[in-house]
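S.K.: 3D, please:
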Amino acid sequence: MKFLASSGSTALRRPGRALRLAVALPLWCVALSVAAEESAKPPTTLRLENPEDRATLTESISNAIMRAQAGRSAKSIRNKGPAQITVQGAPAKAKPRKPAKPKPAQAMPPATDSAFDPAASRRYIEARAATLAAQSPATPPPLPDPQQVPWSYSGDTGAQAWGQLHPAFAACAQGLQQSPIDITQNRTVIGPAEALHMEGAALTGTVVHRGHSIVVEVASAHSLALRGTRWRLQQRLEFHHPAEERMDFQNFPMSADLVYQSPAGQWAVLSVPLQWGAANPLIDRIWANMPLQAQDRVPLPESGAPLQQLLPQDMRYYQYLGSLTTPPCTEGVLRLVLKKPGSVSIDQWRLLTQMTPPNARPAQALHERIVRNAR
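M.R.: A predicted model of the protein is given here:
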């Protein structure tokens with residue numbers, strides 16, 4: 001609130017009034033001082049929330065001003081003007097805002113302080129690495145060398161499981177031209193066939209005990225004339241007991257397989273069934289150098305022995321497309337099975353059975369293959 005008051009100049013024209021002026025002068029100076037202080041103050045602003053309170057206050061102030069002005073001279077009111085009072089109402093209330101929905105708290109990883117707790121930091125890194133490893137596809141271990149995969153003729157690694165031991169052995173389970181087979185006359189195609197001509201020096205090499213078989217690693221050169229080309233004996237003469245092929249439901253106690261290869265790389269196996277009879281002179285020479293334990297190796301005498309001593313006089317044969325009878329069971333092998341067996345003594349057979357377990361693969365399905373019966 002500001003009160004404005006002023007006094008004009010008063011001329012002292014009559015000496016009779018001098019005494020009253022001297023008495024009133026101090027009071028007038030005090031009024032002027034109060035008026036000056038009031039005029040120096042800025043206008044007062046009051047904020048009232050309720051309109052009724054504002055009306056009541058305005059009326060009270062107006063009455064106070066009128067009473068104050070009544071005690072002032074008209075000339076002072078004219079010089080200073082009326083008192084000025086400003087009453088300002090409260091601003092309109094802002095519309096309250098709806099409180100914002102709190103965001104869901106995100107799960108934070110456990111705090112680790114690697115600077116002060118290296119062990120905790122290491123545990124966190126190991127746990128994180130294990131989580132990432134579990135989320136990523138596992139890398140399969142490298143496959144072993146097929147030559148190093150153990151297999152046998154019985155038990156968990158027997159012939160029935162060869163196809164599952166290694167992907168390279170898949171043909172043992174899935175092939176459609178597997179050997180050996182049961183050969184019967186009524187399922188063969190009879191016709192002429194070329195004669196078998198074998199050439200070569202005396203048999204030399206090394207007798208090897210492979211655990212499940214006795215094998216001669218042939219060192220001397222031998223060949224077989226067949227299909228217009230010369231097949232070479234490839235380092236192997238292998239003995240089986242019992243014989244793998246059966247002919248007209250007849251089993252043989254033993255057989256010998258000669259493995260050949262053509263210049264084009266195709267394999268051929270000549271199977272010689274052996275029946276009890278006279279001792280075979282070539283087997284006697286080989287058995288004289290029989291290894292005593294698995295992986296043992298014994299060289300044959302350099303003088304050697306004719307390979308023909310193993311074979312019968314009648315060289316007629318059955319012929320069909322088959323496979324190797326040991327893993328990886330490679331197919332496309334030309335199989336030749338002599339129709340007439342050679343001879344082996346009981347003692348020769350007994351020694352083989354004492355050194356190695358039975359090693360004949362079971363007969364396989366024919367799958368509509370043609371078996372040629374050479375006359």
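
S.K.: what about Arg67, which SS state?
M.R.: Per DSSP: H, G, I helix; E, B strand; the rest coil, the local secondary structure of Arg67 is helix.

S.K.: list the buried residues in stretch 146-163.
M.R.: Neighbour-count burial for stretch 146-163 flags Val149, Trp151, Tyr153, Thr157, Ala159, Trp162, Gly163 (criterion: 16 or more other Cβ atoms under 10 Å). Every C-beta, even on glycine, is put in place using the N, C-alpha and C of the backbone.

S.K.: one more: stretch 290-302?
M.R.: Applying a neighbour-count criterion of 16+ other Cβ under 10 Å, one finds Pro291, Leu300 buried in stretch 290-302.

S.K.: now it: how far from the chain's centre is it?
M.R.: Computed by Cα atoms, centre = their mean, to the nearest Å, the chain-centroid distance of stretch 290-302 equals 47 Å.

S.K.: stretch 121-134 too?
M.R.: On Cα atoms, centre = their mean, the centre of stretch 121-134 falls 17 Å from the chain's centre.

S.K.: before we move on, what about stretch 308-322?
M.R.: On Cα atoms, centre = their mean, the centre of stretch 308-322 falls 52 Å from the chain's centre.

S.K.: so what's the closest residue to Val333 other than its chain neighbours bridging to?
M.R.: The spatial neighbour of Val333 that comes closest, neighbours along the chain excluded (Cβ to Cβ, 6 or more residues apart in numbering), is Trp267 at 4.5 Å. Note on Trp267: beta-bridge partners Gln261, judged by DSSP bridges.

S.K.: OK, contacts around Trp267?
M.R.: Trp267 makes contacts with Val259, Tyr260, Gln261, Leu324, Thr330, Gly332, Val333, Leu334, as judged by Cβ atoms under 8 Å, 6 or more residues apart in numbering.

S.K.: out of these, grab the one that's most surrounded.
M.R.: Tyr260 (23 neighbours; other Cβ atoms under 10 Å).

S.K.: for Pro328, see how far away that residue is.
M.R.: 18 Å (Cβ to Cβ, to the nearest Å).

S.K.: ok, now Ile125?
M.R.: 45 Å.

S.K.: these two: who's more crowded?
M.R.: Pro328 (22 against 12).

S.K.: which stretch of helix or strand covers that one?
M.R.: Taking DSSP states H and E as the definition, Pro328 sits outside all helices and strands.

S.K.: quick one: pLDDT of it?
M.R.: pLDDT for Pro328: 96.

S.K.: contacting residues around it?
M.R.: Counting by Cβ under 8 Å, 6+ apart, Pro328 touches Pro146, His166, Ala168, Phe169, Ala171, Cys172.

S.K.: again, 7 Å this time
M.R.: Neighbouring residues of Pro328 by Cβ atoms under 7 Å, 6 or more residues apart in numbering: Pro146, Ala168, Phe169, Ala171.

S.K.: mind listing what the biggest strand by length in the chain pairs with, with the direction of each?
M.R.: For the chain, the strand that runs over the most residues, judged by DSSP state E, is strand 229-240. Here strand 229-240 has these sheet partners by DSSP bridges: strand 214-218 (antiparallel), strand 222-226 (antiparallel), strand 254-261 (antiparallel).

S.K.: what does that strand rub up against?
M.R.: Under the criterion Cβ under 7 Å, 6+ apart, residues 200, 213-218, 222-224, 254-263, 268, 352, 359-360 lie in contact with strand 229-240.

S.K.: all set, thanks.
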